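K.L.:
The sequence and its predicted three-dimensional model are supplied below.
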Amino acid sequence: MGKMVELKVVDLKKYFPVQKGFLERVFSRKIEYVQAVNGISFEINRGEVFGLVGESGCGKTTTGRLIVRLIEPTDGRIFFKGEDVTFLQGEKLRELRKKIQIIFQNPYASLNPRMKIGEAVGHPLEIHRVAMGERKKKLVLEMLEKVGLEPAEKFYDAYPFELSGGQRQRVAIARAMILNPELVVADEPISMIDVSLRAKILELMLMLKDESNLTYIFITHDLAVAKYISDWIGIMYLGEIVEIGRKEQIFSSPGHPYTRALLSAIPVPDPARAKKNVQLRGEVPSSINPPSGCRFHPRCNFAMEKCRTLKPTLKLVGKDHYVACHL
Ligand code: SF4
């Protein structure tokens with residue numbers, strides 16, 4: 001039997017209007033938009049991990065927030081288990097929120113400092129009227145144990161300030177997992193915790209995934225992290241996916257110059273390989289007035305004339321491997 005598609009995103013867009021000062025509003029009626037996400041499409045099979053990779057400002061966090069329905073898209077569609085959930089409201093949206101959870105980047109900001117850990121982890125159970133009182137406490141204690149916060153009773157009554165960054169991120173994971181979700185969007189979940197603890201958090205996330213056949217969207221700026229955890233990788237640049245494929249293909253035969261530059265940023269002990277590194281030039285341009293044609297052309301070492309005017313679309317270059325580049 002073929003794999004079940006858990007999530008499908010079709011031509012998703014999110015444009016944010018630019019906030020202008022008073023004088024600018026008086027003298028210019030033109031509304032400008034930040035094109036945070038500009039028509040991306042991908043799908044994820046149940047039980048697999050899709051790594052969404054790019055520099056900061058590429059639109060990967062906005063994509064995650066669109067998928068969990070924290071913000072509304074400007075255009076495009078989101079399908080979860082075949083159902084169009086793009087504009088669900090009311091009770092149906094509440095039901096969806098039980099099944100799709102998010103883990104935020106900052107374990108310090110994502111927990112209420114006045115709420116004990118037990119309350120924070122049990123809160124979703126109350127909101128969704130799944131469990132209250134002693135039953136809720138039992139489920140929370142079991143979850144704290146599962147994410148390695150032991151003795152669970154001690155952590156249940158602790159406040160966030162009493163915990164390390166790694167422990168707080170375990171709390172955030174426990175809170176996301178307490179409702180037994182089916183899809184979890186993890187937005188840079190290890191970037192703000194100590195390097196020595198990162199592997200343990202990734203191992204924990206993989207263990208929880210395997211246990212419940214979860215599906216992950218793992219958002220990261222770090223290709224090495226994506227390599228560790230993902231089955232599939234999508235590379236985002238200025239709001240668009242420029243390459244997408246199985247992890248092995250992305251690493252063995254990267255097709256887009258941007259992917260190759262990101263790969264070069266991963267330290268390697270081999271000086272011969274290091275010599276072949278592709279360096280990224282300049283800064284990421286503004287997504288208010290993005291470059292014409294290929295959005296990567298001002299930074300690309302291989303840019304040709306047509307790259308400035310003609311936008312490349314994703315083309316099949318190998319089995320399940322797509323690249324948007326004129327080369
Ligand atoms: Fe570079 Fe042109 Fe390919 Fe864009 S389309 S990545 S500018 S070669």
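P.N.:
Looks like it arrived, so ask away.
K.L.:
Return the residues of the chain in contact with the ligand.
P.N.:
256-257, 294, 296-297, 300, 302-304, 307, 312, 325-327 (C-beta under 6 Å from any ligand atom). C-betas here are computed from N, CA, C, even on glycine.
K.L.:
Quick one: classify Leu144 as helix, strand or coil.
P.N.:
Of the three states, Leu144 takes helix under DSSP: H, G, I helix; E, B strand; the rest coil.
K.L.:
In space, what's closest to it - neighbours in sequence excluded?
P.N.:
Distances taken as C-beta to C-beta, 6 or more residues apart in numbering place Ala152 nearest to Leu144, at 3.9 Å, with adjacent residues excluded.
K.L.:
Where does the stretch 101-250 of the chain get nearest to the ligand, residue-wise?
P.N.:
Per C-beta to the nearest ligand atom, the residue of the stretch 101-250 of the chain with the smallest distance to the ligand is Val242, at 7.2 Å.
K.L.:
hmm, back to that, and the residues of the chain next to the ligand, which of them are buried?
P.N.:
256-257, 294, 296-297, 300, 303, 307, 312, 325-326 (16 or more other C-beta atoms under 10 Å).
K.L.:
Let me have the residues you listed in JSON lines, adding secondary structure and pLDDT as columns.
P.N.:
Formatted as JSON lines, those follow (DSSP: H, G, I helix; E, B strand; the rest coil; pLDDT from 0 to 100):
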{"residue": "His256", "secondary structure": "coil", "pLDDT": "95"}
{"residue": "Pro257", "secondary structure": "helix", "pLDDT": "94"}
{"residue": "Cys294", "secondary structure": "coil", "pLDDT": "96"}
{"residue": "Phe296", "secondary structure": "coil", "pLDDT": "95"}
{"residue": "His297", "secondary structure": "helix", "pLDDT": "94"}
{"residue": "Cys300", "secondary structure": "coil", "pLDDT": "93"}
{"residue": "Ala303", "secondary structure": "coil", "pLDDT": "93"}
{"residue": "Cys307", "secondary structure": "helix", "pLDDT": "96"}
{"residue": "Pro312", "secondary structure": "coil", "pLDDT": "96"}
{"residue": "Cys325", "secondary structure": "coil", "pLDDT": "97"}
{"residue": "His326", "secondary structure": "coil", "pLDDT": "96"}
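K.L.:
Residue ranges in the stretch 51-200 of the chain under the pLDDT threshold?
P.N.:
Within the stretch 51-200 of the chain, no stretch has pLDDT under 70.
K.L.:
Might you report the residue contacts of the one residue in it that gets nearest to the ligand?
P.N.:
Using C-beta to the nearest ligand atom, Gly54 is the residue of the stretch 51-200 of the chain that sits closest to the ligand, at 14.1 Å. With contact set as C-beta atoms under 8 Å, 6 or more residues apart in numbering, Gly54 has these partners: 60, 221, 235-237.
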